[in-house]
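**Student:** Here's a sequence, model it:
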Amino acid sequence: MYYRKIQDDLKIWKIKKDRKPLIIRGARQVGKTTVVNLFAEEFDNFIPLNLELFEDREIFKKEYSIDEIISAIQILKGKNISSGKTLIFIDEIQNSAIAVKMLRYFYEKRPDLFIIAAGSLLEIFLERDEISFPVGRIEFLYMYPFNFYEFLDAKNEKQILNLILKGNVPDFIHHTLMKYFLNFSMIGGMPEIIQTFLETSDINSLKSIYESLFVSYTTDAEKYARNQTMKQILRHCLSSICQETGKRIKFQNFGNSNYRSREVGEALKTIEKAMLINLVYPVINSDLPLVFDYKRAPKLHFLDIGLINYFAGIQSEYIKQEDLNSVFKGIAAEQIVRQELIASDYTTNFVPPIWTREKKYSNAEVDLVLQIDNLVIPIEVKSGATGSLRSLHQFLDESKIDFAVRIYSDKMKIEDAKTPEGKKYRLLNVPHYLTGNLRKLIKQYI
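**Tutor:** Sure, this is the predicted structure:
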């Protein structure tokens, strides 16, 4: 069981004065249950419930009082929770509407208990059954696949990790870190994949795990299709995602199909609610507040780059390369950078948008924009050490900001630069492997 950064957030939650029941949200197989089991070691009593199991689900069959619920838990699990600190973990909570409703009563009537719930398909379930969260009486953390720093920790490269976290990366370890980052980008961050790869160093041993993950995701999504036709569309969309990831997509005829825009849109939004993809819509302005344009084509981002690589059949490309320059037509670099940025903060489900300017003779697209305090920072992602910054320059010429970021495969540096229109700005060049520290680095250098 490897360290995950969310464990620090759980410890903060534990000592809060006005602590509320916590829901950990995330796709299947990202490690939610494992993390809670580890966290449980800090308590006198731990009572896990899995609402996929009939006997555990029966506790929430009717809307009993909170005292009756607690009595039922004690009897079923043979635990006495009257003494010491007790953590109750309600896994797969989406299987019981009553269990979701009861979270408010745990907060109001039994604040002495520590309540954590988890579920992979909460959004789909709540919308289908027209149930709302008890707003103001629960809080959330979000869980994702391993990020690169967690991978280094699991790999027992603690000295290198400490250097990164302190922002002090000597030049002599740059190539080592690029090699590690390339390996991580090849296999992705799913926990079982990480564990098996670190134990065997054999990429071929991962095949059955990738296949199993895909089957479980397909089965889950199909459960919530409203009819047989929608099941087929969901299955098609899931099988097409790896080829469409990193592109601006249209719903109509998605994945070379004959499906209509409305049908594909419904299917992709269902998959997004299962937290397997993000539909990354563009913003069209360069200052706050950011304005999203939901009429324009979104860019498709998938949960994990390792699954993309496996199903696109391109893992062998990584073995031949020293950086991401020639892998997957450059799409891999933007996928892993966005994945790293999302996974760097477990307290939100924020997905960095793209910026676009779409005019008849002058289109531009910046890969990412981040809001840092009251500033909007443009970020270009390059697969290698070089590349054009045309779109970045167009953003800067339209913006009040005079600071930008390039994420690339070379060493970290900051330089004075100028757009073709003559605007001076500072360009922070960040190697791919420091993406998880990007917000901190921007604040430091800006």
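
**Student:** in the stretch 51-200 of the chain, which spans are strands?
**Tutor:** 86-91, 114-119, 139-142 (DSSP state E, counting those that start in this stretch).

**Student:** Same list (the ones you listed) but as TSV, adding mean neighbour count, distance to residue 382 and mean pLDDT.
**Tutor:** Using the backbone N, CA and C atoms, a C-beta is placed for each residue, glycine as well. TSV is the format used below for the strands of the stretch 51-200 of the chain (neighbours: other C-beta atoms under 10 Å; distance: least, C-beta to C-beta, whole Å; pLDDT from 0 to 100):
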stretch	mean neighbour count	distance to residue 382	mean pLDDT
strand 86-91	24	41	96
strand 114-119	24	37	95
strand 139-142	18	28	95
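
**Student:** Any idea which of those gets closest to residue 234?
**Tutor:** strand 114-119 (19.0 Å; C-beta to C-beta).

**Student:** centre of the chain versus that closest one, how much separation?
**Tutor:** On the basis of C-alpha atoms, centre = their mean, to the nearest Å, strand 114-119 sits 19 Å off its chain's mean C-alpha point.

**Student:** With only the CA atoms kept, save stretch 166-185 in PDB.
**Tutor:** C-alpha atoms of stretch 166-185 as PDB (Å, rounded to 0.1, in the frame of the first residue of the first chain):
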ATOM      1  CA  LYS A 166      11.700  21.900  -2.500                       C
ATOM      2  CA  GLY A 167      12.000  23.300  -6.000                       C
ATOM      3  CA  ASN A 168      15.700  22.500  -6.200                       C
ATOM      4  CA  VAL A 169      16.400  20.100  -9.100                       C
ATOM      5  CA  PRO A 170      20.100  19.900  -9.900                       C
ATOM      6  CA  ASP A 171      20.900  19.700 -13.600                       C
ATOM      7  CA  PHE A 172      22.600  16.300 -13.200                       C
ATOM      8  CA  ILE A 173      19.400  14.500 -12.400                       C
ATOM      9  CA  HIS A 174      17.300  16.100 -15.200                       C
ATOM     10  CA  HIS A 175      17.800  13.200 -17.600                       C
ATOM     11  CA  THR A 176      17.100  10.700 -14.800                       C
ATOM     12  CA  LEU A 177      13.800  12.400 -14.100                       C
ATOM     13  CA  MET A 178      12.900  12.600 -17.800                       C
ATOM     14  CA  LYS A 179      13.400   8.900 -18.000                       C
ATOM     15  CA  TYR A 180      11.300   8.200 -15.000                       C
ATOM     16  CA  PHE A 181       8.600  10.600 -16.300                       C
ATOM     17  CA  LEU A 182       8.600   8.800 -19.600                       C
ATOM     18  CA  ASN A 183       8.100   5.400 -17.900                       C
ATOM     19  CA  PHE A 184       5.300   6.900 -15.800                       C
ATOM     20  CA  SER A 185       3.700   8.400 -18.900                       C
END
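
**Student:** from the chain's centre, how far out does it sit?
**Tutor:** Using C-alpha atoms, centre = their mean, the offset of stretch 166-185 from its chain centre is 22 Å.

**Student:** Buried residues of it, list them for me.
**Tutor:** Using 16 or more other C-beta atoms under 10 Å as the test for burial, stretch 166-185 gives 169, 173-174, 177-178, 180-185.

**Student:** tally of neighbours for the residue lying closest to residue 276 once chain neighbours are set aside?
**Tutor:** Of all residues not flanking residue 276 in the chain, residue 303 sits nearest, at 4.9 Å (C-beta to C-beta, 6 or more residues apart in numbering). Residues within reach of residue 303, counting by other C-beta atoms under 10 Å, total 29.

**Student:** What separation is there between residue 303 and residue 214?
**Tutor:** 11 Å (C-beta to C-beta, to the nearest Å).

**Student:** Against residue 336, how distant is residue 306?
**Tutor:** When distance is defined by C-beta to C-beta, residue 306 is 10 Å away from residue 336.

**Student:** State whether residue 391 and residue 380 are indeed in contact, as I suppose.
**Tutor:** Yes - applying C-beta atoms under 8 Å, one finds residue 391 in contact with residue 380, separated by 7.1 Å.

**Student:** So which of these two has more stuff around it?
**Tutor:** residue 380 (23 against 19).

**Student:** Excluding chain neighbours, what is closest to residue 24?
**Tutor:** Spatially, and ignoring its direct neighbours in sequence, residue 24 is nearest to residue 118 (4.5 Å; C-beta to C-beta, 6+ apart).

**Student:** wait, what's in contact with the one you found?
**Tutor:** Residues near residue 118 by C-beta atoms under 8 Å, 6 or more residues apart in numbering: 23-26, 32-33, 36, 89-93.

**Student:** now, which of these lie within helices?
**Tutor:** Residues of those located in helices (DSSP state H): 32-33, 36.

**Student:** Of those - the most surrounded one?
**Tutor:** So for the ones in helices among the contacts of residue 118 (other C-beta under 10 Å), the most neighbours sit at residue 32, 27 neighbours.

**Student:** any low-confidence regions in the stretch 1-150 of the chain?
**Tutor:** Counting by pLDDT under 70, the stretch 1-150 of the chain contains low-confidence ranges at 129-130.

**Student:** Equivalent analysis for the stretch 301-446 of the chain, please.
**Tutor:** 320-323, 325-329, 361.

**Student:** which stretches of it form helices?
**Tutor:** Here the stretch 301-446 of the chain has its helices, by DSSP state H, counting those that start in this stretch, at 305-312, 315-319, 331-343, 390-398, 438-445.

**Student:** Quick one: distance of the third one to the chain centre.
**Tutor:** Relative to the chain's own centre, helix 331-343 is displaced by 9 Å; criterion: C-alpha atoms, centre = their mean.
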